[in-house]
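J.: Sequence plus predicted model, see below.
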Amino acid sequence: VSTQSTWVCHKHGESLETWNSYYKFLLQHKKLDMIKALPKHAFEQLPSSQHIQAMVKFGGIEMKEPNGSLERGRTIFEGLVSKYPKRGDLWSVYVDLEINVLRNINKNDQSAHIHHIRNIFDRMTTLNLSPKTMQSFLTRYMAFEKEYGNESTQKQVHEKALHYIEYKCGTQKKKKKKKKKKKR
């Protein structure tokens with residue numbers, strides 16, 4: 001790896017795009033040892049407000065690029081969603097990347113990947129998120145099942161939606177009762 005690319009990262013280290021380009025460069029040249037150290041170096045120069053965004057970009061690069069590793073990308077995203085489980089944007093990017101990977105693999109190899117994506121959607125639907133966010137996730141889950149599932153899997157998504165509605169309605173009623181008691 002050239003000292004020139006290292007110098008560019010040092011000189012323009014506050015730029016997320018610089019680190020993304022450098023990550024791609026290292027991936028193309030199969031410098032895995034340097035890739036593992038890259039987030040630490042990037043975080044030293046990037047503002048803290050861009051750390052999550054940087055990791056999202058790095059995970060996306062791993063999952064999209066020909067020299068990337070699906071497993072490294074998944075590891076990055078699993079770390080992000082476990083650390084920030086209520087960040088719907090992270091879950092959304094993660095599942096979108098997984099679906100794009102699915103669309104680009106051989107039909108004979110899709111079964112395990114479909115199961116993995118269902119697992120992500122199932123985890124998403126158990127989170128206590130806003131109704132708007134959950135509606136978006138459930139709508140996307142149903143669209144996924146219409147494309148890759150069957151009547152049974154679509155019914156399961158429908159049941160998850162009903163369960164979420166029942167849970168939210170029950171929670172809202174409890175909150176209203178507590179407010180009435182406090183007013184008395």
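T.: In hand now; what should we look at? Keep in mind the model is a prediction, meaning the values are calculated, not measured. Residues are numbered from 1 along each chain as shown.

J.: In the protein, where is pLDDT below threshold?
T.: For the chain, the stretches with pLDDT under 70 are 1-13, 171-184.

J.: for it, what spans make up the helices?
T.: 3-11, 16-28, 32-45, 51-64, 70-83, 88-103, 110-125, 131-148, 151-183 (DSSP state H).

J.: tell me what the third one is packed against?
T.: The contact analysis (3 or more C-beta pairs under 8 Å, 6 or more residues apart in numbering; DSSP states H and E) places helix 32-45 against helix 3-11, helix 16-28, helix 51-64. For the C-beta atoms, the positions are set from N, CA and C on the backbone; glycine is no exception.

J.: Also compute the angle for it relative to helix 70-83, please.
T.: Orientation check (axes from the mean of the first three to the mean of the last three C-alpha atoms, to 10 degrees): helix 32-45 against helix 70-83 gives 30 degrees.

J.: was I right about residue 105 contacting residue 114?
T.: No - under the criterion of C-beta atoms under 8 Å, residue 105 is not in contact with residue 114, lying 10.3 Å apart.

J.: For the helices and strands packed on helix 32-45, give me JSON lines that also has distance to residue 125 and mean neighbour count.
T.: Below are the helices and strands packed on helix 32-45 laid out as JSON lines (distance: least, C-beta to C-beta, whole Å; neighbours: other C-beta atoms under 10 Å):
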{"stretch": "helix 3-11", "distance to residue 125": "40", "mean neighbour count": "12"}
{"stretch": "helix 16-28", "distance to residue 125": "31", "mean neighbour count": "18"}
{"stretch": "helix 51-64", "distance to residue 125": "21", "mean neighbour count": "19"}
